[in-house]
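>>> Would you be able to build a 3D model of this:
(one chain, ligands or ions: 2)
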Amino acid sequence: MQPAMTGKALASSSGIVIGRVQKLVAGRKPIPERRLEAEEIKVEQQRLADAAARAIAALDEELNHLSELKNKEPMQILEAHRMMLQDPELIEKTQGMIAHQRMNAEWALRCQLDAIEAIFNRAEDEYLKSKKSDIEQVGNRMMQYLMGSISQVDISADEMGTIAIGEDFSPSEIVSMWRLGLAGIICEQGGINAHSIIIARGIGMPALIGARDILEQVEDGDVLILDAERDCWSIHLSDEEIRKYKCFIAAMDVIYHDLETFSTRKSQSRNGYTGMKLMGNLELSEEAQLGMDVGIDGVGLFRTEFMFMQDDTEPSEERQYQTYAKVVKDMTGKEVTFRLLDIGGDKPAVFQRLMGIRYSGENPAMGIRGVRMLQQCPDLLDTQLRALARASQYGEIKILVPMVTTCQEMMDVRERLDACCEALNIYHKIALGCMIEVPAAVMIADELAKVSDFFSIGSNDLIQYSLAADRSDDAACRIYNPKHPAILALIKQTMRAARAANIPVTVCGELAANPAWTESFMNMGMSGLSMSLNSVLMVRRNLSRLDYQPDIC
Ligand code: PEP
Ligand code: MG
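Numbering: from 1, shown residues only. Ligands and ions are numbered 1, 2, ... in the order given. I've put the predicted structure just below:
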């Protein structure tokens, strides 16, 4: 038995899990890379040829099964895969890399697949672009035979669960692994308010970030304890220590169970004040049901980016409408605030590059993101506004504009929203709100309040931009400090402007879930706090222990 090993990290989504390690690099198992000795070249070339032959044999077998089907489309896809496996562009070039660059088979194959995918990415033709996923599937199949396991995350079916460990994960990687049943994630990098971590928190997946060098210290299959209650991870624990952890997890379940009673309670202070709603921040339509389970008073922020970040192309109006309508219907009459697309910053989208939208190179957080990007792409904005306006027939929706720094931006979006509603014969009012997440917006909040129906404070970015501290950079996390007096001052100034114009204010950044702020937010007259779903019950319990004492700032 190896000695126990424990490492420090930063808890970014609470919970404790015991699971088996699976190391992933960019969402894939790491590919072994080594330069070959001369005598190994033939062996590696043979391994590659064998892997291709096995992949073809497996395809032939699948084709055989499918031959009975009336619908010939699946067969055509597999036949195309079969042809790719015999294509000289794939096999001969990879064999060439093994021979001339002395790369082992997996490494050469990965490089050649990347080169082919890059060609598809550059293609103008939509059909050719769509073929990229076929080449990925063919590549994975061959890699599976070369490496003896699948190259994508391999979620274990045993009760232990799987913990994915990598440098960093993208939001879509986290969501796809969650859908496969992943138990937790640990990243070497990452800031506490990075977008992917906010997603992990939203879906309730325990996560640690800043676990330095963990990839070098753990091996696939190790039993690991991810402890996001005490900011650490451990491996090689004795049976006795694992038993103690299991008892601790059971105790946590009891505490959580107690918290669950708050899912059916009102969001109310001890002295009966109910003016501050506790709402959910969602990214995926399926989370609406999870939100109802914890009794959210509405959705204060639906981040629409996720749909755009997954795809290579802009989601159609119909696809967007279906997603938005599902959320509105699932919320059964509770208000839902959809934020317009806020791509950019730490939320890149493949399609943004493909559409030639200016990708703000070295410093994307300061570049063309949020409403700035929407103004450059009016068709994109109109499509989203139309989809939202159509979804508004199922219940009250509000629309939020991200990254606003001028009144003109609000007025432009309002004009386009009105035009879309008119064209669709929609005559009920849809409230349009302004995100306050840049210090400049606070400084002109009096003016912005005249062109906005409500404000929503995006504290994640407001802190980042006012303290000049990157929210995704763990090295800057000491500077990224919500307790800095500037943050309270900015929030109070926003409140004063909103009060003068008689419009409501909510907070939808992570500060909304910070128990140290609940009392001041309530007393200063915040009309709602919107947060990751796994914080709602804790904040509601906290609220129930506080007394409302108005503090007009
Ligand atoms: C924020 O900035 O606080 C916010 C809610 O937006 P996001 O985290 O999506 O940038
Ligand atoms: Mg923001």
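>>> Need the pLDDT of the closest residue to residue 303 other than its chain neighbours.
Closest residue to residue 303 apart from its sequence neighbours, by C-beta to C-beta, 6 or more residues apart in numbering: residue 283 at 4.9 Å. Any C-beta I mention is one placed from the backbone N, CA and C, and that applies to glycine too. For residue 283, the pLDDT comes out at 90.
>>> Could I get the phi/psi values of residue 283?
phi -130, psi -30 (degrees, to the nearest 10).
>>> same question, residue 528
phi -170, psi 150.
>>> pLDDT (mean, whole number) over stretch 494-509?
Stretch 494-509 shows a mean pLDDT of 97.
>>> Just confirm yes or no for it near ligand 1.
Yes - residues of stretch 494-509 contacting ligand 1 under C-beta under 6 Å from any ligand atom: 508, 509.
>>> Measure how far that stretch is from the centre of its chain, please.
28 Å (C-alpha atoms, centre = their mean, to the nearest Å).
>>> now what about the longest strand seen in the chain, what contacts it?
The longest strand of the chain (DSSP state E) is strand 16-23. Strand 16-23 is touched from outside by 29-30, 153-154, 156, 158, 160-166, 183-184, 206, 215, 218-229, 235, 242, 245-246, 248-249, 252, with contacts defined as C-beta atoms under 8 Å, 6 or more residues apart in numbering.
>>> what's near enough to touch the residue most central in space within the chain?
The centre of the chain sits closest to residue 171, judged by C-alpha atoms, centre = their mean, with a distance of 3.1 Å. Contacts of residue 171 were listed using C-beta under 8 Å, 6+ apart, and they are 195, 196, 199, 283, 306, 309, 347.
>>> Closest one to residue 103 out of these, please.
residue 196 (31.1 Å; C-beta to C-beta).
>>> Next up, identify which helix or strand the closest one is on.
Residue 196 is part of helix 195-202 when elements are defined by DSSP states H and E.
>>> Mind checking if that helix is in reach of ligand 2?
No - contact of helix 195-202 with ligand 2 (C-beta under 5 Å from the ion) is absent, the minimum separation being 8.9 Å.
>>> other SSEs contacting that helix?
Judged by 3 or more C-beta pairs under 8 Å, 6 or more residues apart in numbering; DSSP states H and E, helix 195-202 is in contact with strand 10-13, helix 171-179, strand 207-209, strand 277-282.
>>> do you know how far whichever residue of the stretch 251-400 of the chain sits closest to ligand 1 is from residue 269?
Taking C-beta to the nearest ligand atom as the measure, the stretch 251-400 of the chain has residue 303 as its residue closest to ligand 1, at 5.3 Å. Going from residue 303 to residue 269 by C-beta to C-beta, to the nearest Å gives 29 Å.
>>> quick one: the helix holding residue 196 to chain centroid distance?
With C-alpha atoms, centre = their mean, you get 5 Å for helix 195-202.
>>> Same question for stretch 419-439.
Relative to its chain's centre, stretch 419-439 lies at 25 Å (C-alpha atoms, centre = their mean).
>>> average pLDDT for it?
On average, stretch 419-439 scores 97.
>>> Likewise for stretch 82-98?
Rounded mean pLDDT across stretch 82-98 is 89.
>>> Buried residues of it, list them for me.
If you call a residue buried by 16 or more other C-beta atoms under 10 Å, then stretch 82-98 has these buried ones: 82, 84, 85, 90, 91, 93, 94, 95, 97, 98.
>>> Turn those into TSV, including distance to residue 138.
Compiled in TSV, the buried residues of stretch 82-98 are given as follows (distance: C-beta to C-beta, whole Å):
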residue	distance to residue 138
82	9
84	5
85	6
90	8
91	11
93	14
94	12
95	16
97	17
98	18
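>>> Check whether stretch 516-528 comes near ligand 1.
No - figure legend: stretch 516-528 not in contact with ligand 1 (C-beta under 6 Å from any ligand atom); closest approach 13.0 Å.
>>> ok, how many other residues are close to the nearest residue to residue 541 once chain neighbours are set aside?
Distances taken as C-beta to C-beta, 6+ apart place residue 262 nearest to residue 541, at 5.1 Å, with adjacent residues excluded. Close neighbours of residue 262, defined as other C-beta atoms under 10 Å, add up to 21.
>>> what sits against residue 262?
Residue 262 touches 295, 537, 540, 541, 544, counting by C-beta under 8 Å, 6+ apart.
>>> One more pass at 6 Å, please.
537, 540, 541 (C-beta atoms under 6 Å, 6 or more residues apart in numbering).
>>> So among those, which ones count as buried?
If we count by 16+ other C-beta under 10 Å, these have these buried: 537, 540.
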